[in-house]
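# What follows is a predicted protein model with its sequence.
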Amino acid sequence: MTDRAYTMKINLSVLDHLGLNLYSSMPAVLSETVANSWDADAQDVTIQIDSNQVVITDDGLGMDHTEVNGKFLTVGYQRRRESGGAKTPRLGREVMGRKGIGKLSLFAVADEIEIWTVKRNAAGKITDRNALVLEATKIRTMASTSGHYEPKAIDPNVVTIRRGTRIILRKLKMKPTQATVDSLRRRLARRFTVIGKEHKFKVSINQTAIGPGDRDYLGKIEFLWSVCNDDRYEKLAKNATRTERLSPVVHAGKGWRVEGWLGTLFDRESVEEANNVVVLLARGKLVQEDLLASFDVGGLYTKYLIGELEADFLDDDKLPDMVTSDRQHLKENDKRYDEITRWFEDVALDEIGKRWRDWRRDKALDKALAITIVKDWYEALSTSDQRAAKKLFGRIGTVLKDRPEDEREMYRHIILAFERLRLHDALDEVDNLPDDADIVGYEKVFGGLDEIEAVQYGQIAKGRLAIITKFKGLVPGAQEKVIQEYLFEHLWLLHPSWERPTTSTHMEKTVSKDLRKVKLTKEEKAGRIDIRYATAAGKHIVVELKKADVIVDVFTLGRQLSKYREAMLKTLREQFSIENPEVELIAVLGKRPSGPTNLSEVEGVLRPLNARWVTYNQLIDEALGSYQDYLDANERLSKLQAVLDKLDESLVAPSGV
């Protein structure tokens, strides 16, 4: 065993503030370890994760006993100031570490930390090995008393690495899963721009190296804004349809510049995969997780925005450290923060907001005009109407980006809505007509009204026809149930002119309540499913549904409907002061009522009451006929309907429709 002693001096408040409570996630913690490996001139860092431990190994310079105590175990060790500057000794890298508190972050995810480190001289010969264990519970105990903690020394013969440093995290506070590994790969990739062959810095997680694909979302970018003076990012954003360059100058007088890229993603799915953030880095390491979150901007484009910006002046050795203790945010009371946020808002967001809107609008129009019938309709518009149509297509196109399954219907709605808007503008022109304008003047203003109304009602009729057709396909028992649930709120099933009921809620409840008080025979009650009162087209209507398997005697039915009529007339007269209302009574039956064999005689029993009966099948067939006749007579007359029909034919319906 070794007789070496290791010492860490730290008080409890520092431990809590800078270690256990400072870092919130595995990526943030391991970022500090990776940064230490960079500063140690490591070229290969491996991270091995399983459910019990995390092992981070690098091939860097390693530490001898003096360095372990004087640097690693010294909380607050100022690397840049005390070790000869901001460059690493072997590879001349810009040093990332600054405050010397990163090692405490390890306690945020683990209660036990084992460290192996091997030091070699310039000739490559091993000169020292060290191994020790740090335990959070013991550190906390000592920190609350003497503030003097001696980590447990381990026999250096257990060290199997040949160079560099290995850190083993045990007694994890949260067991890692495969999702943890996947997330860690993406997060680490985005926290460093120095990972990769270009910088001779390889980082692997579970034997798989982090590569450009883990941090580079440029392939998902639709519109790109480069912040540099060359085309490096434009070459990488191979799928971008529009590109532009932004000025990298943040403060010309001080020489402060920013470099990187900003882009908007194609769709919401890409946003979910890529994470809608703009990271800010300095010296190749993250200093602000999301610059975009600092701005209260409402433009839709911000929901698609992503980017990586690097500004080394934010971590200048000659200026105070402006990165917070967790190394994930910037201190906002620094002049440099004011300058970088001003550039981001005035130069970047302002330009991106304007361009994104225009470019999206152009693309949406191009996509719409790729459909021949839409193009024909668009080209027939006036120049001013084309400008308005382009704007409308642009706005709707943004929605279609994330709802391609709705494309079939959306273009139809755009065209119809646009024609309605055009009609509205035409109505405004009435004010400009002279007092003595003849019929020709008014026909010019209202010329499209009939066509628009025909199309609108045609759409309604088509929808109703589809519903009725489904009714027809149901078995009798199901027809009875569905019609019972649907008929009373949709009286157009009984007559096309009966639209939404116009009865006040109070009147409907009052009359319906009185109708249900009508004394019926046992036979009459047994056959009734439901009864409802409503008004439509100026009439007061009572509809009663009978069970489909019950055959009703027409004379019995007449007496029953007469009772309803008398009760309803009384209620309308006494409670609502309505004299001589027009009343119609309808009974929906499963089969024709029994009684006289002559149909006209059967109908004659009910005619004096202004009552009629209809079977479930008749109801469906007559409704089908009414709406189909309307469509046959009117669609042939509508040019606009022809456009919509051709649009239906030209768009391929989504699978499953």
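Good, I have the coordinates.

# Could you tell me how many residues sit around Asp358?
Using other C-beta atoms under 10 Å, Asp358 has 12 neighbouring residues. For the C-beta atoms, the positions are set from N, CA and C on the backbone; glycine is no exception.

# right, and Asp128 touches His65 too?
Yes. Taking contacts as C-beta atoms under 8 Å, Asp128 lies within contact range of His65: 6.1 Å.

# Strands along the stretch 451-600 of the chain, start to end?
Taking DSSP state E, counting those that start in this stretch as the test, the strands found in the stretch 451-600 of the chain are 528-536, 539-546, 583-589.

# Quick one, which of the ones you listed gets closest to Lys646.
strand 528-536 (35.5 Å; C-beta to C-beta).

# Now do that closest one against strand 583-589, angle only.
Interaxial angle of strand 528-536 relative to strand 583-589 (axes from the mean of the first three to the mean of the last three C-alpha atoms, to 10 degrees): 150 degrees.

# where does strand 528-536 sit relative to the chain's centre, distance-wise?
44 Å (C-alpha atoms, centre = their mean, to the nearest Å).

# Helix or strand: which one has Gly298?
Applying DSSP states H and E as the criterion places Gly298 outside every helix and strand.

# how close does it get to Gly307?
19 Å (C-beta to C-beta, to the nearest Å).

# Please say which of those two ends up with more neighbours.
Each of Gly298 and Gly307 has its neighbours counted (other C-beta under 10 Å); Gly307 has more, 23 against 7.

# And for the residue nearest to the more buried one when sequence neighbours are not counted, the neighbour number?
Residue nearest to Gly307 in three dimensions, not counting chain neighbours: Leu262, with 3.7 Å by C-beta to C-beta, 6 or more residues apart in numbering. By other C-beta under 10 Å, the residues close to Leu262 number 26.

# doesn't Val278 make contact with Leu262?
Yes. Leu262 lies in contact with Val278 (C-beta under 8 Å); the separation is 6.6 Å.

# anything in contact with each of those two?
Jointly contacting Leu262 and Val278 under the rule C-beta atoms under 8 Å, 6 or more residues apart in numbering are Leu305, Ile306, Gly307, Leu309.

# Can you classify the last one by secondary structure?
Meaning Leu309. Recorded secondary structure, Leu309: strand (DSSP: H, G, I helix; E, B strand; the rest coil).

# what separates it from Leu184, distance-wise?
Distance of Leu309 to Leu184, computed by C-beta to C-beta: 23 Å.

# need the strands for the stretch 101-250 of the chain, in chain order.
Counting by DSSP E, counting those that start in this stretch, the strands of the stretch 101-250 of the chain are 110-120, 126-135, 148-149, 152-153, 164-172, 202-205, 208-209, 221-227, 242-245, 249-251.

# now the ones you listed in a markdown table, with mean pLDDT, mean neighbour count and distance to Arg191?
Formatted as a markdown table, the strands of the stretch 101-250 of the chain follow (pLDDT from 0 to 100; neighbours: other C-beta atoms under 10 Å; distance: least, C-beta to C-beta, whole Å):
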| stretch | mean pLDDT | mean neighbour count | distance to Arg191 |
| --- | --- | --- | --- |
| strand 110-120 | 94 | 22 | 19 |
| strand 126-135 | 93 | 19 | 24 |
| strand 148-149 | 76 | 16 | 30 |
| strand 152-153 | 91 | 15 | 31 |
| strand 164-172 | 95 | 20 | 18 |
| strand 202-205 | 95 | 20 | 10 |
| strand 208-209 | 92 | 13 | 16 |
| strand 221-227 | 95 | 24 | 19 |
| strand 242-245 | 95 | 16 | 26 |
| strand 249-251 | 95 | 17 | 22 |
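
# quick one, which of these is nearest to Trp613?
Closest approach to Trp613 among these (C-beta to C-beta): strand 221-227, 62.8 Å.

# Would you state the helices of the stretch 1-150 of the chain in chain order?
Using DSSP state H, counting those that start in this stretch, the helices of the stretch 1-150 of the chain run over residues 12-15, 26-39, 65-67, 79-82, 136-143.

# what angle do the longest one and strand 110-120 make?
When you say that, I think you mean helix 26-39. Helix 26-39 runs at 10 degrees relative to strand 110-120, counting by the same axes, to 10 degrees.

# Return the distance of helix 26-39 from the chain's centre.
The answer for helix 26-39 is 32 Å, by C-alpha atoms, centre = their mean.

# Please apply the same query to the last one.
Mean-position distance between helix 136-143 and its chain equals 46 Å (C-alpha atoms, centre = their mean).

# by contact count, what packs against it?
Other elements packing on helix 136-143 under the criterion 3 or more C-beta pairs under 8 Å, 6 or more residues apart in numbering; DSSP states H and E are helix 12-15, strand 110-120, strand 148-149.

# Reformat those as a markdown table; add distance to Val550.
Below are the helices and strands packed on helix 136-143 laid out as a markdown table (distance: least, C-beta to C-beta, whole Å):
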| stretch | distance to Val550 |
| --- | --- |
| helix 12-15 | 84 |
| strand 110-120 | 77 |
| strand 148-149 | 91 |
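
# closest one to Asp621 among those?
From the helices and strands packed on helix 136-143, taking C-beta to C-beta, the stretch that ends up closest is strand 110-120, at 76.3 Å.

# got the angle for that closest one vs strand 126-135?
Strand 110-120 runs at 170 degrees relative to strand 126-135, counting by the same axes, to 10 degrees.

# Give me the pLDDT for Pro496.
Each residue has a pLDDT score; the one for Pro496 is 59.

# can you check the one 5 residues further on too?
As summarised for this prediction, Pro501 has a pLDDT of 52.

# ok, back up a step: nearest to Arg612, out of the shared contacts of Leu262 and Val278: which one, please.
Nearest member of those to Arg612, counting by C-beta to C-beta, is Leu305, at 64.7 Å.

# Quick one: classify the residue nearest to that closest one when sequence neighbours are not counted as helix, strand or coil.
Nearest in space to Leu305, with sequence neighbours left out and distances taken as C-beta to C-beta, 6+ apart, is Thr264 at 5.6 Å. For Thr264, the assignment made with three-state DSSP gives strand.

# Break down the stretch 551-657 of the chain into its helices, ranges please.
554-576, 599-606, 616-634, 639-650.

# Next: the stretch 151-300 of the chain.
Counting by DSSP H, counting those that start in this stretch, the helices of the stretch 151-300 of the chain are 178-191, 212-215, 232-236, 268-274.

# Could you report the distance from the nearest residue to Asn610 once chain neighbours are set aside to Val542?
Closest residue to Asn610 apart from its sequence neighbours, by C-beta to C-beta, 6+ apart: Glu584 at 5.4 Å. According to C-beta to C-beta, Glu584 stands 8 Å off from Val542.
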